[in-house]
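*Asks:* After the sequence you'll find the predicted model.
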Amino acid sequence: MPESRLYPADYLIILAFFAALPVVGAYFVRRMTNIKDFFSGGASLPWWLSGISFYMASFSTWAFVAYSDMAYFNGLSAYYYYWCGVVGAFASAAFFAARWRRASTTSPLEYIRERYGNGVRQSLAWIGLPLRIFDNAMRLFAIAVLVTVTMGLRFREGWILFTPGTEMYWMVVIAGVIILAYTFMGGLWAIVVTDFVQFLVILSAVIVLLILSVMALEPHGGLAGFVGAAQARDPNFFKFFNETKYMRLDGRFLIAWLAIITMSLSSGWVLVQRYYSVKTDREARKVGYLAMTLLILTPFLLWMPALLARVYLPELDPMTHKNKVYGIITLTLLPAGMMGMLIAAMFSATMSTLGGDFNAMGSVMTTDIYKLLRPQSTPRKDLIAGRLLTILAGGLTICITLYIVHLFRSGAQLTLFEMMTKLFSIFLPPMAIPMLVGLWSRKLNSASGLFGLLFGIIAGLVAFFINFNAAWFGVDTREIGRWLLANPWQTLDLNWKDFVIYNLGQTWLITSLTALATIVGMALGNRLVADNEARRQQIAELFHRLERPEEAVIAERAQKLKEVTFTPFPIIAYVFGGFAFVFLLLQWTATAGATGRDRTIGTITGVCMLLVAVGIYLLQFLVVRPRREPPASQ
């Protein structure tokens, strides 16, 4: 693996990136007057800003690592699997966006009380919160691994507190505290604006890397010779399914992954929040369609360098270079002073997701737990509680991440990741299916949600227990897995017991099993238990709200709003422009030893970023019109 080439400029660029984000939180702190402002932006977010935030929240740093490995070792099939998200985003926007906008106002679970009763609402909250915390801990851990291990960030001897060997711990703490700072101060508005700034940072970094990757192909025949050279190394490189020693990708996994990603994009707390934070049903659908468009373009920008690297870096091995492909490419191609930009982009990918999740978890803890315990609480106390509970959610995430770092350093991380991946396959269908079906079906009663949740989780836990303890049944699942990876495109003849127990640990089967059990449970609950008249009336009132003509909803809402001309363009321009200026300045002041070519690339990148910032600032004069926004609480 190439040696890290971090210059003082790289460290200062990362520092500038961290310093810029809390500025956004401070800008919005006075605009947060109640929990609706804090958790849903007063339902007045511009659809394009919410759509970018939806997209940024749909992936994290680990996507750079995992899909780059897939693109390098499995070829174009990595694109096809990622584009499952395009189908999921379309389904989410077309069928659920408008319903979510009408169903919720401050929490993604508040509609559950009307649809299935308070028991299911509380169950989803208490099950979902630990899962979100552990999921976010793994995302925070991923950025620590990428920056310190893959990209080679190392503290030097003699630095106070920042001693060699503590890099991962400090990355976790610093990133977590920065995210909490702007989330705590500015709520959802601060999150979506920082998401947009981070989107611009990522775009700047990956475009430079893509251009350099194309240039690296010149000695190998350029883009014209790429296809032939790649097929010469792997005849299946451009096939829809390409099984290699790195990963077996087949139709069963594709279908299961499509189901998982659709449920995730349609019911994830942070993503649902983007739907009910805009003004109209039409804008809610635009949020999803914008995210879908960006998901289509993502592989061409983010993972094309890994695809091309199969020709200009052909020596990488799936066993010795697993999860290191993206880091090797960047260290090979990026000029001096640009690594800091890319590390900032890596932080951006995860920080945008975590910021949204901290806010969404805070909304659930405030609306679905705190307000039930303190129903007479004032709006000011609700806002204070919301901020404190957001800090609690983030603090727990940081603490668990530090423990995961400890496990990683002791060599236990692989088992942890495998277990958590399986657990999410268990819990997602039982939680998502009742939420999504309940938005459309009047026929389901309250018991169907509880029965579906219980049946799905129990079936998944039983499957997980059997697979995890396969040795009790005389089945060596690890040996089967090693054989399948070592013999791609071959079928292992297993007896029925070995086949079932091994596949109970595979995403396709455990997802299918839990989904089926959830549906069966919902059907039984609907048949065996009847709602009383009060519950039937509550469900009828919910669907009256969900199915009203949009014109009536807009007219009713307009009476409660006031004319304002607020625009987020200036704060976006100031923060991104300030970061671009620091980046440009450091290219010539803190890159001693860099070549003229390196400085030229950095200078061109910095100038382009500054021009983008100026363009964003000028947009306020072209598109600002008086629009309506909820008045501040008195």
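*Replies:* Noted; the coordinates are in hand.
*Asks:* Find the nearest non-adjacent residue to Gly362, please.
*Replies:* Leaving aside its sequence neighbours, Gly362 sits nearest to Thr390 (C-beta to C-beta, 6 or more residues apart in numbering; 3.3 Å). Any C-beta I mention is one placed from the backbone N, CA and C, and that applies to glycine too.
*Asks:* Phi, psi for the one you found please.
*Replies:* Main-chain dihedrals, Thr390, degrees, to the nearest 10: phi -60, psi -40.
*Asks:* quick one: it from Gly25, how far?
*Replies:* Per C-beta to C-beta, to the nearest Å, Thr390 is found 12 Å from Gly25.
*Asks:* Please identify every residue contacting each of these two.
*Replies:* Common contacts of Thr390 and Gly25 (C-beta atoms under 8 Å, 6 or more residues apart in numbering): 183-184.
*Asks:* before we move on, the earlier item: what's around the residue nearest to Gly362, how many residues?
*Replies:* For Thr390, the neighbour count with other C-beta atoms under 10 Å is 25.
*Asks:* Contact partners for Ile572?
*Replies:* 193, 196-197, 616.
*Asks:* ugh, wrong one, I meant Ser448
*Replies:* Contacts of Ser448 by C-beta under 8 Å, 6+ apart are 116, 434, 521-523, 525-526.
*Asks:* name the element it belongs to?
*Replies:* According to DSSP states H and E, Ser448 maps onto helix 446-468.
*Asks:* just checking, Ala515 touches Ile260?
*Replies:* No: look at Ala515 against Ile260 with C-beta atoms under 8 Å: they stay out of range, at 9.6 Å.
*Asks:* These two: which is more packed in?
*Replies:* Ranked by neighbour count (other C-beta under 10 Å), Ala515 and Ile260 place Ala515 first, with 24 against 21.
*Asks:* And the residue nearest to His220 when sequence neighbours are not counted, which helix or strand is it part of?
*Replies:* Using C-beta to C-beta, 6+ apart and skipping the chain neighbours, the partner closest in space to His220 is Val311 (5.1 Å). Val311 is located in helix 304-312, with elements delineated by DSSP H and E.
*Asks:* would Asn236 count as being in a strand?
*Replies:* No: looking at Asn236 with DSSP: H, G, I helix; E, B strand; the rest coil, it is coil, so not inside a strand.
*Asks:* so it makes contact with Gly75?
*Replies:* Yes: with contact defined as C-beta under 8 Å, Asn236 counts as touching Gly75 (6.8 Å).
*Asks:* the helices in the stretch 51-200 of the chain, which residues?
*Replies:* For the stretch 51-200 of the chain, applying DSSP state H, counting those that start in this stretch gives helices covering 61-74, 77-82, 84-91, 97-103, 110-116, 118-145, 167-216.
*Asks:* whoops, the stretch 501-634 of the chain was the one
*Replies:* Going by DSSP H, counting those that start in this stretch, the stretch 501-634 of the chain shows helices at 507-528, 533-547, 550-558, 569-589, 596-623.
*Asks:* so which of these comes closest to Tyr111?
*Replies:* Closest approach to Tyr111 among these is made by helix 533-547 (7.1 Å; C-beta to C-beta).
*Asks:* would you put the C-alpha positions of the closest one in CSV?
*Replies:* Taking C-alpha atoms only, helix 533-547 is exported to CSV below (Å, rounded to 0.1, in the frame of the first residue of the first chain):
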residue,chain,number,x,y,z
GLU,A,533,-65.4,1.8,18.1
ALA,A,534,-63.1,4.5,19.4
ARG,A,535,-60.1,3.0,17.6
ARG,A,536,-62.0,2.6,14.4
GLN,A,537,-63.0,6.2,14.5
GLN,A,538,-59.4,7.3,15.2
ILE,A,539,-58.2,5.3,12.1
ALA,A,540,-61.0,6.8,10.0
GLU,A,541,-59.9,10.3,11.0
LEU,A,542,-56.3,9.5,10.1
PHE,A,543,-57.2,8.4,6.6
HIS,A,544,-59.5,11.4,6.2
ARG,A,545,-56.3,13.5,6.7
LEU,A,546,-54.2,11.3,4.4
GLU,A,547,-56.7,11.3,1.6
